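K.L.:
sequence and predicted structure, then a few things I'm wondering about:
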Amino acid sequence: MGMTMTQKILARSAGLASVEAGQLIEGKLDLVLGNDITTPVAITEFEKAGLSSVFDRDKIAIVLDHSTPCKDIKSAQLCAACREFAKKHAITHFYDVGRMGIEHALLPEQGLTAPGEVIIGADSHTCTYGALGAFSTGVGSTDMAAGMATGLAWFKVPSAIKVNLVGKLGRYVSGKDVILHLIGVIGVDGALYQSLEFTGEGVASLEMDDRFTICNMAIEAGAKNGIFPVDDKTLDYLKGRVDRKFTAFEADPDAQYTQEITINLSALRPTVAFPHLPSNTKTVDEAAGKPIQQVVIGSCTNGRLKDLREAADVLRGRKVAEGVRCIVIPATQQIYLDAMAEGLVADFIQAGAVVSTPTCGPCLGGHMGVLSDGEWAVSTTNRNFVGRMGPTSSMIILASPAVAAASAVTGVLTDPASL
Amino acid sequence: MKVYKYGDNVDTDVIIPARYLNAPDEKSLASHCMEDIDGDFASTVETGDIIIGGNNFGCGSSREHAPLAIKACGVKCVIAKSFARIFYRNAINIGFPILECPEAVDGISPGDQVSVDFGTGVIVNESTGARFQAAPFPEFVNGIIEHGGLLKSLKARGVAK
């Protein structure tokens, strides 16, 4: 029986000729990731179990991105524990303030993720690297501890939903609108335990940054992973970043899917998700006009250079509305530098936005933009759950960078084309 | 024992809000468990209580702090119609029992007395007499739970040193 892209990658990692959906396997890992919130729990478990060494110091990445630069004493202590562990085990890919970026933008940028690789991360948005044709999935801290010690993880081989992309995105429509639209169609558990495999002639027109955004939010549909085929754009992206050998897998023509969904990219409108689920989607046309107090442009979902360009294109020569706080967060130091070189940072500041050092900060209500009672935000982040960014009475509308920037200008949820 | 019953899509942000993720230990996490969905939970929960959830219980963030917080509250198990996959594997990996059984979720109300046999997956609503059969774990997963968690099972197998 034919296999999906994901199944082929997992079969190889388990040393098997083939696998099928539902099968439990133990796979070899190419990379194990953790951040400053999940790694300390992993370290505690690692040490409690009396484990003495890591399987490969070059295949572990620890990124201090969530509460950094440290927001309080407890966060500083957690970061210190990560630092100590990284030093003790001579972890090669340890990223502290000054070098760090938001993990899911940083790892691909640094060439730590490649097609065909198997990657686990103690962060749910680890599914981002599927954009490069890798199998990557979020796990917990105990999995991270076990992965660091053994280089292995157990997986239930997922079935898959085939998402056939046709057409080409129009102006002010981006990868964020594709994934929000899809989550709106299938629901927050629509792909539970499954892969979302993107395919079709529409893939070629999507920039890598759009593909990262799409795979990043596969978890918001409950998916184990999202994955794109490897094409010329992928290979271009990898050039100069990855010099080790990698394998680009393709799904077999007779691979089995539980369902097939076609998305016509040409017909998509800017799409937003209202509180309190990413599946509560509307087109911006249906929902425009809702007053807001804050805009966040950034995160592992939308803090890449294309995202900042799209936001800056809207904000350039305009002003953030009175009564709105607009916070822009480049996802990595390199993206920050590129945004400065292109003049985007100046565009943001001249518009009355603030530009922050890379951090996950406001996305999870940590710091750098926590909401107050009853406030509404338009945010390019990935979750609009109750209390995610502030008190339980605060509200988040998920949107693309272009919609977020347009909303910052008017003070209400706005279609950028209407400016 | 008491039953706490919630709806669909109980996410890990409401199980343990991110503002408490830097808590130093499991007991501190437990003191804020379910705070954003049920402000009374942490002060009323007792050892042996059971949480009932709908579909997609534990969705969202991968934070293992979520099952750790529930476990540290003394909750005996979570019974749900379905679990989000990262929560599912986190619970297994820390040796915390979870049962997938839509019929039991529909057949148990707050105030009912419930007994659970983890060996057989049989759930009994002692108040109504109704019996439910949860989906059994695969053998591999049972091995993890029987050893008391993933790391202990890897050590027992000699894989982790």
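P.N.:
Here it is on my side, so go on.

K.L.:
all helices for chain B, in order.
P.N.:
Counting by DSSP state H, one finds helices in chain B at the ranges B:12-15, B:26-30, B:41-44, B:65-72, B:85-93, B:102-107, B:139-146, B:150-156.

K.L.:
nearest to B:F57, out of the ones you listed?
P.N.:
Smallest distance to B:F57 across the helices of chain B (C-beta to C-beta): 6.7 Å, for helix B:85-93. Using the backbone N, CA and C atoms, a C-beta is placed for each residue, glycine as well.

K.L.:
and the closest one with helix B:65-72, angle?
P.N.:
Inter-element angle recorded for helix B:85-93 and helix B:65-72: 40 degrees (by axes from the mean of the first three to the mean of the last three C-alpha atoms, to 10 degrees).

K.L.:
and A:M1, which of the helices of chain B is closest to it?
P.N.:
The closest of the helices of chain B to A:M1 is helix B:139-146. By C-beta to C-beta, the value is 22.0 Å.

K.L.:
buried residues of the closest one, list them for me.
P.N.:
Across helix B:139-146, burial judged by 16 or more other C-beta atoms under 10 Å in any protein chain shown covers B:141, B:144-145.

K.L.:
rank the helices of chain B by pLDDT, which is bottom?
P.N.:
For the helices of chain B, mean pLDDT drops lowest on helix B:139-146, to a mean of 86.

K.L.:
what helices or strands is that one leaning on?
P.N.:
Packing partners of helix B:139-146 (3 or more C-beta pairs under 8 Å, 6 or more residues apart in numbering or on different chains; DSSP states H and E): helix B:85-93, helix B:150-156.

K.L.:
now do 10 Å
P.N.:
Here helix B:139-146 touches strand A:24-28, strand A:152-156, helix B:85-93, helix B:150-156, going by 3 or more C-beta pairs under 10 Å, 6 or more residues apart in numbering or on different chains; DSSP states H and E.

K.L.:
make TSV out of those and add distance to A:A331.
P.N.:
Formatted as TSV, the helices and strands packed on helix B:139-146 follow (distance: least, C-beta to C-beta, whole Å):
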stretch	distance to A:A331
strand A:24-28	28
strand A:152-156	26
helix B:85-93	22
helix B:150-156	31
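
K.L.:
quick one: contacts for residue 146?
P.N.:
Since no chain was named, I'll use chain A. A:29, A:32, A:42, A:45-46, A:49, A:51, A:55, A:120, A:139-140, A:152-154, B:93, B:149-151, B:153-155, B:159-160 (C-beta atoms under 10 Å, 6 or more residues apart in numbering or on different chains).

K.L.:
oops, wrong one, chain B.
P.N.:
By C-beta under 10 Å, 6+ apart, the contact set of B:E146 is B:95, B:137, B:152-153, B:156.

K.L.:
buried members of these into ChimeraX, please.
P.N.:
One line in ChimeraX is enough to select the buried ones among those; burial here means 16+ other C-beta under 10 Å:
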select /B:95,137,152,153
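
K.L.:
tell me the two of the contacts of B:E146 that are most distant?
P.N.:
Distances among the contacts of B:E146 were taken as C-beta to C-beta; the most separated pair is B:F137 and B:A156, at 17.2 Å.

K.L.:
shaky segments in the stretch 151-300 of chain A?
P.N.:
Low-confidence segments of the stretch 151-300 of chain A, defined by pLDDT under 70: none present.

K.L.:
what residue in it comes nearest to chain B?
P.N.:
Relative to chain B, the nearest point of the stretch 151-300 of chain A is A:D189 (3.9 Å; C-beta to the nearest C-beta).

K.L.:
just put the buried residues of helix B:139-146 in a markdown table and tack on distance to A:G222.
P.N.:
Shown next, in a markdown table, are the buried residues of helix B:139-146 (distance: C-beta to C-beta, whole Å):
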| residue | distance to A:G222 |
| --- | --- |
| B:V141 | 19 |
| B:I144 | 22 |
| B:I145 | 23 |
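
K.L.:
on that earlier part again, show the buried residues in the contacts of A:A146.
P.N.:
Counted by 16+ other C-beta under 10 Å, those give A:29, A:32, A:42, A:45-46, A:49, A:51, A:55, A:120, A:139-140, A:152-154, B:93, B:149-151, B:153-155, B:160 as buried.

K.L.:
can you give me phi and psi for the closest residue to B:S153 other than its chain neighbours?
P.N.:
Leaving aside its chain neighbours, B:S153 sits nearest to B:H147 (3.7 Å; criterion: C-beta to C-beta, 6 or more residues apart in numbering or on different chains). Note on B:H147: its backbone torsions stand at phi -80, psi -10 [degrees, to the nearest 10].

K.L.:
where's B:H147 relative to B:G74, distance?
P.N.:
22 Å (C-beta to C-beta, to the nearest Å).

K.L.:
compare these two (neighbour count), which wins?
P.N.:
Taking neighbours as other C-beta atoms under 10 Å in any protein chain shown, B:H147 and B:G74 compare with B:H147 leading, 16 against 12.

K.L.:
ok, now which ones touch the more buried one?
P.N.:
Contacts of B:H147 (C-beta under 10 Å, 6+ apart): B:95, B:153-157.

K.L.:
likewise A:K74?
P.N.:
By C-beta under 10 Å, 6+ apart, the residues touching A:K74 are A:67, B:20-24, B:28.

K.L.:
in terms of pLDDT, where does B:G148 sit?
P.N.:
88.
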